[in-house]
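Chemist: Could you look at this predicted model? Sequence included:
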Amino acid sequence: MIGKLEFQDCTQEELEAKLQRYARLLVRKGCALREGQPLFVRASTDSKDFARLVAQEAYAAGCKRVTVLWSDEKIGRMTYDHCPVEEFETTPEWSALLHNSMAEQGASVLTLEGSDPEGFKGIDPAKVMANIIATHKACKPFYDHLDFGKTIWCIAGAATPAWAAKVFPDDAPDAALRKLWAAILHTARADGDDPEGAWDAHNASFNRRKEIMNGYRFDKLHYTNSLGTDLTVGMTKGHIWHGGADVTVDGRTFFPNMPTEEIYTSPDNRRVDGIVYSALPLINQGNIIDRFWIRFEGGEVVDYGAEVGYEFLKGIIETDEGAKRLGETALVPFSSPINQTGILFYSTLYDENAVCHVALGKGFPDCLEGGREMDDAQLREAGLNTSATHVDFMIGTDDLSIVGTTESGEEIEIFQSGQWAF
């Protein structure tokens, strides 16, 4: 067993075949790579073997050129430990040039998530926040292409020894790594013979929920549960619920997250009131924040607390003005396939798709009618949050209730006992 997920061992040859199909899935479905298009891969050196499979599949699909930006957590940790905070207030020119040029060349962007959940434990949060702000400023063309539907991007998991050791601490290193790969392949619907077909079916399942949610035209949502959450989240006029596949401005379909189980939108950042309690630990920049709560008034964070990682929660909230407001609310049933594995992945990509979550920081322009054609000032005027950060945290429980109030005043039960009510 892997938590609640049944684990059946396979031969090395069978595992390699599954990983090849997974790499093909990420290239063809996640990144929607076309012949003659570049692919920009961001990966850890610990993921090099799988990154090579991705490159192989990309070139088989006619990729113009695969460019890989490697990172090494141990060197990254040394940099945070030894460099003063001032060093993180600027971004190296080569990094900005690389990211911005990839966007200008129309590259699809694949980020392979496999970081050590505790790789940056205990670092100065001021350095992390300074680095985030500087990077987003220097690489603004790159991030604008992502935010405004001009660039295809996908984030997916790749098992690494350090990550596997955290998720399965009682197993030998090789066994833990194989178990993590099994969990990644299962949750990404990539452990069967036809992952691409499985994702077509999965995407179809999102469409009915989105149609229902968008049809109601909610004015606000009210969240309550036994942890103490009592939060009212106002919706923007013309908000749009998304989930599953996304579409670029030129009509190309891709999957930003693999796996994904959420239907989400961006709320009105001026109309959030009440208190919300975390349901799962938050892993941010290698630091664990757990058993925390946040109180909002008029959309802004006015108080917060955490039993574990208070200083890191403070660092997130103080990143900039937008970090004090919500940029996303996402609906995931408590019975989601990821939650059913019984595994805490210590990775937001996976844990956010286990249960309902919200996010501090940047909102999504495509979650607002006409948002992709608006500038930052117009987005803020419409109630969409702008920030250099976007940090998801999980709030879903088995007794979560969500009641929506439509613009006409009708109350609609959306979630009951942690599950969809319709």
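Modeler: The structure has been received and is ready for your questions. Worth saying up front: this structure is predicted, and the values here are computed from it rather than measured.

Chemist: List the contacts of the closest residue to G383 other than its chain neighbours.
Modeler: Setting aside the residues directly before and after it, G383 is nearest to D268 in space (Cβ to Cβ, 6 or more residues apart in numbering), at 3.6 Å. Every C-beta, even on glycine, is put in place using the N, C-alpha and C of the backbone. Applying Cβ atoms under 8 Å, 6 or more residues apart in numbering, one finds that D268 lies in contact with G234, M235, T236, H239, G299, G383.

Chemist: Contacts only, for the closest residue in space to the fifth one that isn't next to it in sequence.
Modeler: Leaving aside its chain neighbours, G299 sits nearest to R270 (4.2 Å; criterion: Cβ to Cβ, 6+ apart). By Cβ under 8 Å, 6+ apart, the contact list for R270 reads G234, G298, G299, R325, G383.

Chemist: In strands, which of those residues fall?
Modeler: In strands, judged by DSSP state E, the following of those are found: G234.

Chemist: I'd like the contacts of R270 as JSON lines, with pLDDT and distance to T111 appended.
Modeler: Converted to JSON lines, the contacts of R270 look like this (pLDDT from 0 to 100; distance: Cβ to Cβ, whole Å):
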{"residue": "G234", "pLDDT": "98", "distance to T111": "32"}
{"residue": "G298", "pLDDT": "98", "distance to T111": "35"}
{"residue": "G299", "pLDDT": "98", "distance to T111": "30"}
{"residue": "R325", "pLDDT": "98", "distance to T111": "25"}
{"residue": "G383", "pLDDT": "97", "distance to T111": "29"}
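
Chemist: of the contacts of R270, closest to P169?
Modeler: Each of the contacts of R270 was scored against P169 by Cβ to Cβ, and R325 proved nearest at 36.6 Å.

Chemist: where's the closest one relative to P195, distance?
Modeler: Here the criterion is Cβ to Cβ, to the nearest Å. By it, R325 lies 37 Å from P195.

Chemist: Check M258 too.
Modeler: Taking Cβ to Cβ as the criterion, M258 is separated from P195 by 10 Å.

Chemist: And R28, by the same measure?
Modeler: R28 sits at a distance of 9 Å from P195 (criterion: Cβ to Cβ).

Chemist: So those two - more neighbours on which side?
Modeler: Applying other Cβ atoms under 10 Å to R28 and P195 shows that P195 carries more neighbours, namely 22 against 18.

Chemist: Quick check: K237 is in a helix.
Modeler: No. Inclusion of K237 in a helix is not indicated when DSSP: H, G, I helix; E, B strand; the rest coil is applied; the result is coil.

Chemist: That one reaches G371, doesn't it?
Modeler: No. The pair K237 and G371 does not pass the contact test of Cβ atoms under 8 Å, sitting 11.5 Å apart.

Chemist: between these two, what contacts are shared?
Modeler: Listed contacts common to K237 and G371 are A382; contacts here mean Cβ under 8 Å, 6+ apart.

Chemist: More neighbours: the two, which one.
Modeler: Remark: of K237 and G371, G371 carries more neighbours, 23 against 12, as counted by other Cβ under 10 Å.

Chemist: List the contacts of the more buried one.
Modeler: By Cβ under 8 Å, 6+ apart, the contact list for G371 reads F364, P365, L379, A382, L384.

Chemist: Just give me the residue closest to the centre of this protein.
Modeler: Most central in the chain under Cα atoms, centre = their mean is L349, positioned 4.6 Å from the mean C-alpha point.

Chemist: my guess is that one is in a strand, correct?
Modeler: No. Counting by three-state DSSP, L349 is not part of a strand but helix.

Chemist: related to what we said a few turns ago, so after the helix or strand harbouring the residue nearest to G383, what's the next helix or strand?
Modeler: Assigned by DSSP states H and E, D268 belongs to strand 267-277. Per DSSP H and E, the first helix or strand lying C-terminal to strand 267-277 is strand 282-284.

Chemist: just to revisit the earlier point, roughly how far does the residue nearest to G383 sit from A130?
Modeler: Taking Cβ to Cβ as the criterion, D268 is separated from A130 by 29 Å.

Chemist: State the pLDDT value of G119.
Modeler: The score at G119 is 89. That number is its pLDDT.

Chemist: Next, it: secondary structure please.
Modeler: The local conformation at G119, judged by three-state DSSP, is coil.

Chemist: Can you tell me the element D290 falls in?
Modeler: With secondary structure defined by DSSP H and E, D290 is part of strand 287-297.

Chemist: and that strand, which residues are buried?
Modeler: N287, I288, I289, F292, W293, I294, R295, F296 (16 or more other Cβ atoms under 10 Å).

Chemist: Chain neighbours aside, what residue packs nearest to V403?
Modeler: H222 (4.8 Å).

Chemist: what's the neighbour count on the one you found?
Modeler: Taking other Cβ under 10 Å as the criterion, the count of residues near H222 is 16.

Chemist: and what of D273?
Modeler: Residue crowding around D273 was assessed by other Cβ under 10 Å; the count is 17.

Chemist: For the contacts of D268, which two are the farthest from each other?
Modeler: Greatest spatial distance in the contacts of D268: H239 and G299, 14.7 Å, computed using Cβ to Cβ.

Chemist: Might you calculate how far stretch 264-278 sits from the centre of the chain?
Modeler: On the basis of Cα atoms, centre = their mean, to the nearest Å, stretch 264-278 is displaced by 17 Å from the centre of the chain it belongs to.

Chemist: again with stretch 119-126
Modeler: 20 Å.

Chemist: what residues does that stretch touch?
Modeler: 73-74, 76-77, 80-81, 85, 128, 162, 285-288, 311-312, 314-316.

Chemist: Where strands are concerned, which of those residues count?
Modeler: Within the contacts of stretch 119-126, residues falling in strands by DSSP E are N287, I288.

Chemist: ok, back up a step: overlap in contacts, M258 and P195.
Modeler: With Cβ under 8 Å, 6+ apart as the test, M258 and P195 both reach L25, K29, A188.

Chemist: Show me which of the residues you listed is closest to P281.
Modeler: Nearest to P281 among the shared contacts of M258 and P195, counting by Cβ to Cβ, is A188 at 22.0 Å.

Chemist: Give me the phi and psi for that closest one.
Modeler: phi -90, psi 10 (degrees, to the nearest 10).

Chemist: so it touches N257, yeah?
Modeler: No. The pair A188 and N257 does not pass the contact test of Cβ under 8 Å, sitting 9.8 Å apart.
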